[in-house]
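> test case, fold it:
(chains A, B, C and D)
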Number of protein chains: 2
Amino acid sequence: MARSARQSKILELISTKEIETQDELARELKNANFEITQATISRDIKELGLTKILTSSGKYKYAIVGSDAQQVSNKYISIFREAVISVKAILNLVVVKTLKGMAGGLGCFIDKLNLIDLVGAVNGDDTLMLIFPTAMLAADAAKALNDLQG
Amino acid sequence: MARSARQSKILELISTKEIETQDELARELKNANFEITQATISRDIKELGLTKILTSSGKYKYAIVGSDAQQVSNKYISIFREAVISVKAILNLVVVKTLKGMAGGLGCFIDKLNLIDLVGAVNGDDTLMLIFPTAMLAADAAKALNDLQG
DNA sequence: GTGATTTTTGCATATTTATTCAACAATTTT
DNA sequence: AAAATTGTTGAATAAATATGCAAAAATCAC
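Numbers count the residues shown, from 1 in each chain, chains lettered A, B, ... in the order given. Modelled structure (predicted):
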């Protein structure tokens, strides 16, 4: 599980910070209690299909980017499956319970891969709340996410 | 001018071939009579905001990618200005005359940055033909492109 | 459980990419 | 036109990233 949790954390980190190098990512992961080397990060990054893009300040940072490879999202799905405990719709909200520490990463890529009419998302450590325009859309999304769980 | 022509060629090359490394790009450019080193290519790639993305075969290739930096497209505009001689609409087509060898690169990124209702594009060495659904859209596009010329 | 098989990882290193610095070319200023 | 400024480049090298290989960990078959 450490593997999925780590990759989830990587998604969260690159979405919330401007990570310029794999060594920097290694340091951030260390702060989050993932003791890991650059070599493994290189592999994770390839698996997640991440790449560096140019920011407006002329620096490069890692980002989730639409790639040729559609299978890449399969990787995300497998993280999703490992991380998610339950998905429930309440009014216009969907509440997702996750393993500890994985709500953040999950939120980031549910956000990115915008398959659904999501207004926004907030998360704690093990809970993710997705906000929808209507109860109906929330129910649809909850169903879609539950289906994903296989 | 060699600079713009070279960068235009780079756009063409990465759009039509799977270029994996800067050295490979250097060899391709050599074939196209641009004698250039990897160092300069590294700079060109940064200027053009290109990055490597994962292909479905698990390899990386260079690609044009939507970045944070909107100024990036300014770079494209400046290549456009240097390359284009004239833009004319005829029926539902727009014919763009360019400097020799630059029609290909131009077509590639006009295609990518899909600002306009373009159906398709074909090009020779110094002529680029853009195909639109209607004469009206072709005329609009021709006007937009002429405006770009500053 | 044991042993076989597969997966994940770190280390060392190869490969790839970015940058420093000096030279040269182009452009502007005077 | 010379001098000064600015932009472009290559060579060498620094920095960053990927990978071969062996070891450790996890998973599976029995």
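> point out where chain A drops to low pLDDT.
A:1, A:66-74, A:113-116, A:150 (pLDDT under 70).
> using the three-state scheme, assign the residue of it most remote from its centre.
The outermost residue of chain A, judged against the average C-alpha position, is A:Gly58 (25.4 Å), by CA atoms, centre = their mean. With DSSP: H, G, I helix; E, B strand; the rest coil as the basis, A:Gly58 sits in coil.
> quick one: it and DNA strand D, what's the gap?
As judged by CB to the nearest atom of the strand, to the nearest Å, A:Gly58 and DNA strand D stand 14 Å apart. Just so you know, the C-beta spots here come from the backbone N, C-alpha and C atoms, and that holds for glycine as well.
> and the residue lying closest to A:Asn123 once chain neighbours are set aside, how far from DNA strand C?
With sequence-adjacent residues excluded and distances taken as CB to CB, 6 or more residues apart in numbering or on different chains, A:Asn123 is closest to A:Ala103, at 4.1 Å. Relative to DNA strand C, A:Ala103 is positioned 20 Å away (CB to the nearest atom of the strand).
> could you report the neighbour count for A:Ala103?
25 (other CB atoms under 10 Å in any protein chain shown).
> residue contacts, it?
A:96, A:123-128 (CB atoms under 8 Å, 6 or more residues apart in numbering or on different chains).
> give the partner strands of the one helix or strand A:Lys52 maps to in its sheet and their orientations.
Element membership for A:Lys52, per DSSP states H and E: strand A:50-54. Counting by DSSP bridges, the strands paired with strand A:50-54 are strand A:60-64 (antiparallel).
> can you list contacts of the partner strand?
Taking CB under 8 Å, 6+ apart as the rule, strand A:60-64 contacts A:11, A:14-15, A:18-20, A:25, A:45, A:48-55, A:108-109, A:112.
> do stretch A:137-150 as well
Counting by CB under 8 Å, 6+ apart, A:77, A:80-81, A:84, A:87-94, A:96, A:115-118, A:130, A:132 sit against stretch A:137-150.
> among the residues you listed, which ones are buried?
Those of those that meet the buried threshold are A:80, A:84, A:87, A:89, A:92-94, A:96, A:116, A:118, A:130, A:132, by 16 or more other CB atoms under 10 Å in any protein chain shown.
> just checking, A:Leu91 touches A:Ala135?
Yes - using CB atoms under 8 Å, A:Leu91 makes contact with A:Ala135 at a distance of 5.4 Å.
> verify the contact between A:Ser4 and A:Ala83 for me.
Yes - the criterion here is CB under 8 Å, and A:Ser4 meets it with A:Ala83 at 6.5 Å.
> hang on, A:Phe109 packs against A:Lys9?
No - shown here, A:Phe109 and A:Lys9 do not form a contact pair, counting by CB under 8 Å, at 12.0 Å.
> these two: which has the busier surroundings?
Comparing A:Phe109 with A:Lys9 by other CB under 10 Å, the one with more neighbours is A:Lys9, at 21 against 18.
> how about the host helix or strand of that one: buried residues?
Element membership for A:Lys9, per DSSP H and E: helix A:2-16. Residues A:4-15 are the ones in helix A:2-16 that count as buried (16+ other CB under 10 Å).
> check whether it comes near DNA strand C.
Yes - Helix A:2-16 lies within reach of DNA strand C by CB under 7 Å from any atom of the strand, at A:2-3, A:6.
> before we move on, back to that, what's the ChimeraX line that selects buried ones from the contacts of strand A:60-64?
Of those, the buried ones go into a single ChimeraX selection, burial set by 16+ other CB under 10 Å:
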select /A:11,14,15,19,25,45,48,49,50,51,52,53,54,108,109
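> now do the helices for chain A: every range, in order, please.
Applying DSSP state H to chain A gives helices spanning A:2-16, A:22-31, A:38-48, A:72-83, A:103-112, A:135-148.
> want to throw the ones you listed into JSON lines with distance to B:Ala32?
As requested, the helices of chain A are exported to JSON lines (distance: least, CB to CB, whole Å):
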{"stretch": "helix A:2-16", "distance to B:Ala32": "36"}
{"stretch": "helix A:22-31", "distance to B:Ala32": "33"}
{"stretch": "helix A:38-48", "distance to B:Ala32": "30"}
{"stretch": "helix A:72-83", "distance to B:Ala32": "32"}
{"stretch": "helix A:103-112", "distance to B:Ala32": "37"}
{"stretch": "helix A:135-148", "distance to B:Ala32": "47"}
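> for B:Phe34, find the nearest of those.
helix A:38-48 (30.4 Å; CB to CB).
> next, the angle from the closest one to strand A:60-64.
50 degrees (axes from the mean of the first three to the mean of the last three CA atoms, to 10 degrees).
> contacts only, for A:Leu106.
A:8, A:79-80, A:83-84, A:96, A:98, A:123, A:128.
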